[in-house]
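> okay, sequence plus prediction incoming.
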Amino acid sequence: MDPDSAHAPGYWKRRSASLFRWLHTYLSLVSFGILFFFAVTGLTLNHADWFFGDRLTAVKRSGTLDKKWVAPGSDGAVAKLEVVEHLRRAHAVKGVLAEFRIEETQCAVAFKGAGYTADAVIERATGDYELSEIRMGFVAVINDLHKGRDTGPGWSLVVDLSALLMILVSLSGLVLIYFVKRRFVSGVAMVVLGSIASYLAYLWLVP
């Protein structure tokens, strides 16, 4: 009987093995950059001081915006959009709007991004404001990307897709062990031992 026939003994097992081998190989290649990024940033996140992760640049700026936008009165009278756009346009403020707090005499506006914060305090009576901007170093930026902190919904989706790819790579590799008879028992044993070792490390090392 033709070994490539669908009715030949072991045909579907060979086809399945080939499929999972292909899947594991190309998922690993596609996700290489992502896996490498999260591996490296796991190290920089755990040891930021090794990589000068505490470096930052702080800048203070001041200016005046149209006081009609923030004139004292009801909270609804504050032109939030105009204020935010002015700060972005005048000072190249980036990040997402994290807070816009309205008080009787002042407004406080906060922006946050990966390795970045900007805070503005506006006097409602005059429209004068002080802007404090902090830009962290490259390591702080990639650490925030690793955590998905202050990076917006788009990057959050990238983190979710990265996690899904890692799961698929792991599972496809695990399934491949099934098709290697000589390595199946030892392979499964290594998976179990690795899982137990991780759990014991948690019990022993985490306070």
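Perfect, thanks for sending it. Numbering: from 1, shown residues only.
> tell me the phi and psi of the spatially most central residue of the chain?
The centre of the chain sits closest to Gly148, judged by C-alpha atoms, centre = their mean, with a distance of 2.8 Å. With angles defined as degrees, to the nearest 10, Gly148 sits at phi 70, psi 30.
> same thing with Glu103?
Its backbone dihedrals place Glu103 at phi -120, psi 180, with angles given as degrees, to the nearest 10.
> what is the neighbour count of it?
With neighbours defined by other C-beta atoms under 10 Å, the count for Glu103 comes to 10. (Glycine included, C-beta is placed from N, CA and C.)
> please apply the same query to the one 10 residues further on.
For Gly113, the count of nearby residues is 20 (other C-beta under 10 Å).
> who's in contact with the closest residue to it other than its chain neighbours?
Nearest non-adjacent residue to Gly113, counting by C-beta to C-beta, 6 or more residues apart in numbering: Gly95, 3.0 Å away. Under the criterion of C-beta atoms under 8 Å, 6 or more residues apart in numbering, the neighbours of Gly95 are Phe111, Lys112, Gly113, Tyr116, Thr117, Ala118, Asp150.
> so which of the residues you listed belong to strands?
By the criterion of DSSP state E, membership of the contacts of Gly95 in strands covers Phe111, Lys112, Gly113, Tyr116, Thr117, Ala118.
> what count of nearby residues applies to the fifth one?
The one in question is Thr117. For Thr117, the count of nearby residues is 18 (other C-beta under 10 Å).
> please tell me how far it sits from Gly154.
As for Thr117, its distance to Gly154 is 20 Å (criterion: C-beta to C-beta, to the nearest Å).
> ok, now the first one?
As defined by C-beta to C-beta, Phe111 lies at a distance of 17 Å from Gly154.
> going on from the biggest helix by length in the chain, what's the next piece of helix or strand?
The residue-count maximum for a helix in the chain (DSSP state H) belongs to helix 152-178. Where DSSP states H and E defines the elements, the next helix or strand beyond helix 152-178 is helix 181-205.
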